[in-house]
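>>> With the sequence up front, the predicted model follows.
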Amino acid sequence: MQRARSVETGPAPCHGAPRFSCAPTRGPRATSGPPAVADEKTETTANPVVFWELASHDAEKSIAFFEAIFDWEFNAPPDSPLSVARTSTEQGGVNGGIFTLGKAKLPFLTVYVLVDDIVGKAELVKENGGLVIEEPHEIPGGSWICLFNDPSGATFAMLEQKKASPDEEEPEAQ
């Protein structure tokens, strides 16, 4: 079983506090290539990809490109440099966003992986030949992110969702 990903209205991981919903849903089981049509044979992914971010030299131009090619609609949350597109459907997919580069000189794409223990996963990155670029840190809204390079140098990010406080948890059914 895969997890459906959705981002509620709000800034994206690198620029604010996303609130991801990872409700279980049925999805494709692919051995290679892109996902097929949903079926009942899908296994649970322990740490799913939940978001992508494209840093561009010209976000408006990149947004226009993806809107023209794929009919994606981008919306910029208030006070956020990131424009977010809902690119997922009932069949699968991952939402993402585009922003104009700040400090970096070259465009890049970052994939966000949902984890339960971001500090522990950051240690595993180091133990397995990766490099932590930004140590785990809290972002506005209470979620945590960590940027890292895999051994080949590709950059990824991890996201740990804000833990619900006892007063935010739903009561158990009796």
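Yep, it's here.

>>> what about G120, which helix or strand?
helix 118-127 (DSSP states H and E).

>>> after that helix, next one along is what?
strand 131-138.

>>> If you count neighbours, what's buried in that next one?
V132, P136 (16 or more other Cβ atoms under 10 Å). In this view, the C-beta of every residue, glycine as well, is placed from N, C-alpha and C.

>>> Output the lowest mean pLDDT helix or strand found in this structure.
strand 24-25 (a mean of 32; mean pLDDT, DSSP states H and E).

>>> and A64, that's in a helix?
Yes: when DSSP: H, G, I helix; E, B strand; the rest coil is applied, A64 is found to be in a helix.

>>> if I look at it, how far off is I98?
10 Å (Cβ to Cβ, to the nearest Å).

>>> Look at those two and report which has more neighbours.
I98 (28 against 12; other Cβ atoms under 10 Å).

>>> per-residue confidence for the residue lying closest to that one once chain neighbours are set aside?
Spatial nearest neighbour of I98, chain neighbours left out: L54 (4.6 Å); criterion: Cβ to Cβ, 6 or more residues apart in numbering. Listed pLDDT for L54 reads 96.

>>> So L54 is in contact with A104, correct?
No: counting by Cβ atoms under 8 Å, L54 does not reach A104; the two are 11.8 Å apart.

>>> which of those two has more neighbours?
For L54 and A104, the more surrounded residue by other Cβ under 10 Å is L54, and the numbers stand at 20 against 10.

>>> Mind giving me the packing neighbours of the helix or strand that contains the more buried one?
Using DSSP H and E, L54 maps to strand 49-56. Applying 3 or more Cβ pairs under 8 Å, 6 or more residues apart in numbering; DSSP states H and E, one finds that strand 49-56 contacts strand 96-100, strand 108-114, strand 155-160.

>>> now for these, which one comes closest to V84?
Set against V84 and scored by Cβ to Cβ, those come closest in strand 96-100, at 4.3 Å.

>>> got the contact list for that closest one?
With Cβ atoms under 8 Å, 6 or more residues apart in numbering as the test, strand 96-100 has contacts from 12, 14-15, 51-59, 62-63, 66, 74, 81-85, 87.

>>> ok, 6 Å please
12, 51-54, 56, 59, 62-63, 81-84, 87 (Cβ atoms under 6 Å, 6 or more residues apart in numbering).

>>> could you give the angle of that strand to strand 49-56?
On the basis of axes from the mean of the first three to the mean of the last three Cα atoms, to 10 degrees, strand 96-100 is oriented at 20 degrees to strand 49-56.

>>> So, low pLDDT: which residues of this protein?
1-44, 166-174 (pLDDT under 70).
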